[in-house]
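1. next come a sequence and a model predicted from it.
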2 protein chains.
Amino acid sequence: MTPDEFRKAGHLLIDWIADYHANVGDRPVLSQVQPGEVRDRLAANPPAAPEPFDAVLSDLDGPVMDGLTHWQSPNFFAFFPANTTFSSILGDLVSSGLGVNGFSWATSPAVTEVETLVLDWMVELLGLPEHFVGNGVIQDSASSSTLCAILAARTRATALGALPAQLVAYCTAQAHSSIEKGLRIAGIGADQIRVVDHDEAFAMRPDALRRAIESDVAAGLTPFFVCANAGSTSSEAFDPVVDLAPICAASGAWLHVDGAMCGVAALAPELRWVNDGLDLADSYTTNGHKWMGVGFDCSFFWVRDRGPLIEALSIQPAYLRTAQAQSGAVIDYRDWQVPLGRRFRALKAWFVLRLDGVDAIADMIGRHIEWATEVESWVRADDRFELLAPRSMNLVCIAHRAGDEATEALVEAINASGAAQVTPTVLDGRKAMRICVGSHHTERHHVVALWELVSSLA
Amino acid sequence: MTPDEFRKAGHLLIDWIADYHANVGDRPVLSQVQPGEVRDRLAANPPAAPEPFDAVLSDLDGPVMDGLTHWQSPNFFAFFPANTTFSSILGDLVSSGLGVNGFSWATSPAVTEVETLVLDWMVELLGLPEHFVGNGVIQDSASSSTLCAILAARTRATALGALPAQLVAYCTAQAHSSIEKGLRIAGIGADQIRVVDHDEAFAMRPDALRRAIESDVAAGLTPFFVCANAGSTSSEAFDPVVDLAPICAASGAWLHVDGAMCGVAALAPELRWVNDGLDLADSYTTNGHKWMGVGFDCSFFWVRDRGPLIEALSIQPAYLRTAQAQSGAVIDYRDWQVPLGRRFRALKAWFVLRLDGVDAIADMIGRHIEWATEVESWVRADDRFELLAPRSMNLVCIAHRAGDEATEALVEAINASGAAQVTPTVLDGRKAMRICVGSHHTERHHVVALWELVSSLA
């Protein structure tokens, strides 16, 4: 592709993306294709000669578009939002265009320094503890943040003499699947994980954690890792970090707080309570790539002490050593993550914070919570439904009073309609429908339309 | 940012990127900034109100640009290439713009189906074994591919009754640092890794592998993982996969082949020998984001049998697995990787293969090898230098005959000049300078100029 062809196709794609965002609400949210259908409509073999750009664009507009579930749709109430704002798209475009690799400071100092700067900005904007300043890194996902926390915790515990087979981790049944996955990757088996009781709000019971830890210590085991939810996946439950932290500290266990979805709500000063207890945590993660509008992948991760993290992840072959890192003057982020290579991911977050500004994000978060509160009131006013969990923020979990089958059928009917998308979950054994109000393109009328749909299909 | 502001800034950035690539050869390759210098020139605190786009652009053109090491420079002979072509940038722009998340088939079928299609195209284009068809996945990096291979191998071995503490892994001292890192993450300690002897070409000695395995088996240990280099990082050494494979098979160890850099050379039919023995491997990785021109991150990873990989990484208990996913009707790629979320990364590879075509990449690879062969001949003709490793492809490893200090000083002088960048390494205890000819913007005159610089500074 020549530079001129790039300019022409690039301008066209910028407009194509603007048009996509303008009209995405008109498309069926959940893709309606059958398995194999997208592929069957595409060339089975690579072309013998370069193709014109129009041929690729035609495939994008046809089979690819039909095979997308539209995460940017204003009618997307599924999972958690994964907002991708215009500012973020531009920041990521610059990252793709520069094609630099910032695995160590020296391989592009700006990649590292802008990243640390953006993370320090986030400490200020979220009101996080001062000791997180300079100790942040961008991971691809909260799953990877959690894995890194587990590896740092394992390193700290084994350095004190614990054997890997003696280590025990703690979370509730509401913890994200990435906790179990990260532990498994780290070689911590299912028999080394304690599922701690939760209360009626799906929050961890501190007394249950204390008892579980005491029991394990008495058995000669080593509590090494506790994961607290600051907004769980199923129902946005908040574990009482303030009460859990002293128990973790007394036992020597690493306290990781998973605020993947809800942590950025602290951009709104009145929602700073989501951070309660973080000053006592060993590590914390929240995603830029959900509510905040920084496109996937951008997960913010902080540690109180970078020592165990680097100890867990640093490997120093000759071809990667640099004088600056040996002296400790700079950060080599390759030692703060699983992969070696790294994109200039901080750009997209920096673009969002500078071009959109934090007030716009905070205002949007406030509106979403207001509309979720309205949904909650509609549920309460309708005899056919019940709430299965307290609403803490922008997520409402409801069940059909006719039972699990009715709830399940309702979720399927909504998604099959293409008019909106929601996600099913299970809460204490009961099927639930999650309505998550979080798309940056959602307006109040979309929420009203969703409720009309729910009501008509129920 | 409004849609109109996005269109305007987007068009501007497309042109900015085209200009950057046109002129990147005029910039000092290695950033000349001091630690902290980039950050000191940027706003220390987030803005109170949204900023105009021009303010961000001004920072990009100033402090950020000064703080970049220019991986796309035609004078970049360091590490391995990390080419980012115009086609790839556009494919990635579409991915950023759509903002879909393809962690399971249903969350956007096209993300999964285009990815599998592209990986099957690569099997065809590289001449890989037929059993890799349908068994490929895009990882962010070869480090992650290797970690996934290790986890699959660990799962297979422990399912047969081995205890984690009994597992032993094998590689040479030339193996990439990600092997040791991946093993450490998986809980396989340094005492469970055998560094197998290599020959004068830095290739693993099959007899040494056999003896090491026999010794461990006799000690009651379980050989579970062997990593073979198909183009090592320090010198592009090729381990004899054909000879290693029967030894691995006899012991039950998983054979992973790391072709991160050189594997895509098989796009040129005369270089298909890089794949020798792959039909006997359990897994294989090569990076789209190096020589091939797909922007980071895009590492292709294939397994012979997807079973152990999914078993290792699936977050769902067995009773929740869908018949469709198990039967192969659909793939849920979240179970083939460490993170949960995933971008539409296949687009950039698909764009490159369709818009640039494989012949252009193969021709470029051929030119690079030709020029590296010229460099080799210049080294042989110059009494001041010696080759420290055989040249297999596009990488020449040389030393100054005056000794390690002279070699080290030469590397530093070249990099400090800004006119070119090379990387130091250590080969069997001796300091070496790596000259890797691999940038898509490099022409023969850049290589000639590099050698004139080397010669004048030596």
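-> Cool, got the structure. Remember, predicted model here, so these are calculated numbers, not experimental data.

2. list the buried residues in stretch A:185-205.
-> Burial within stretch A:185-205, assessed by neighbour count using 16 or more other C-beta atoms under 10 Å in any protein chain shown, is assigned to A:185-188, A:192-194, A:196, A:198, A:202-205. The way it works is simple: take the backbone N, C-alpha and C, and place the C-beta from them, glycine included.

3. is that stretch positioned near chain B?
-> Yes - in terms of C-beta under 8 Å from any C-beta of the partner chain, part of stretch A:185-205 sits within range of chain B, namely A:185-188.

4. got a markdown table for these, with pLDDT too?
-> Written out in a markdown table, the entries for those read as follows (pLDDT from 0 to 100):
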| residue | pLDDT |
| --- | --- |
| A:Ile185 | 97 |
| A:Ala186 | 98 |
| A:Gly187 | 96 |
| A:Ile188 | 96 |
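
5. which of the three states applies to the spatially closest residue to A:Ile310 that is not a sequence neighbour?
-> Spatial nearest neighbour of A:Ile310, excluding adjacent residues (C-beta to C-beta, 6 or more residues apart in numbering or on different chains): A:Asp335 at 4.8 Å. Classification of A:Asp335 by DSSP: H, G, I helix; E, B strand; the rest coil places it in helix.

6. what's near enough to touch A:Asp335?
-> For A:Asp335, the contacting residues are A:309-310, A:313-315, taking C-beta atoms under 8 Å, 6 or more residues apart in numbering or on different chains as the criterion.

7. low pLDDT regions in the stretch 351-458 of chain A?
-> Low-confidence segments of the stretch 351-458 of chain A, defined by pLDDT under 70, are absent.

8. taking it, what residue is nearest to chain B?
-> A:Gly357 (3.9 Å; C-beta to the nearest C-beta).

9. roughly how far apart are that residue and A:Val294?
-> The spacing between A:Gly357 and A:Val294, counted by C-beta to C-beta, to the nearest Å, is 14 Å.

10. the two: which has the busier surroundings?
-> A:Val294 (34 against 19; other C-beta atoms under 10 Å in any protein chain shown).

11. separation between the residue nearest to that one when sequence neighbours are not counted and chain B?
-> The shortest distance from A:Val294 to any residue other than its chain neighbours is 3.6 Å, reached at A:Gly288 (C-beta to C-beta, 6+ apart). Distance from A:Gly288 to chain B, counting by C-beta to the nearest C-beta, to the nearest Å: 12 Å.

12. what are the phi and psi values for A:Gly288?
-> phi -70, psi -20 (degrees, to the nearest 10).

13. could you pull out the strands in chain A for me?
-> When assigned using DSSP state E, the strands of chain A occupy the ranges A:136-139, A:167-172, A:193-196, A:222-229, A:254-258, A:283-287, A:299-303, A:385-387, A:395-400, A:423-427, A:430-436.

14. how many neighbours does A:Thr84 have?
-> Other residues within reach of A:Thr84 by the criterion other C-beta under 10 Å amount to 28.

15. and the spatially closest residue to it that is not a sequence neighbour, what pLDDT?
-> The shortest distance from A:Thr84 to any non-neighbouring residue, by C-beta to C-beta, 6+ apart, is to B:Gly99 (3.0 Å). Turning to B:Gly99, the model gives it a pLDDT of 98.
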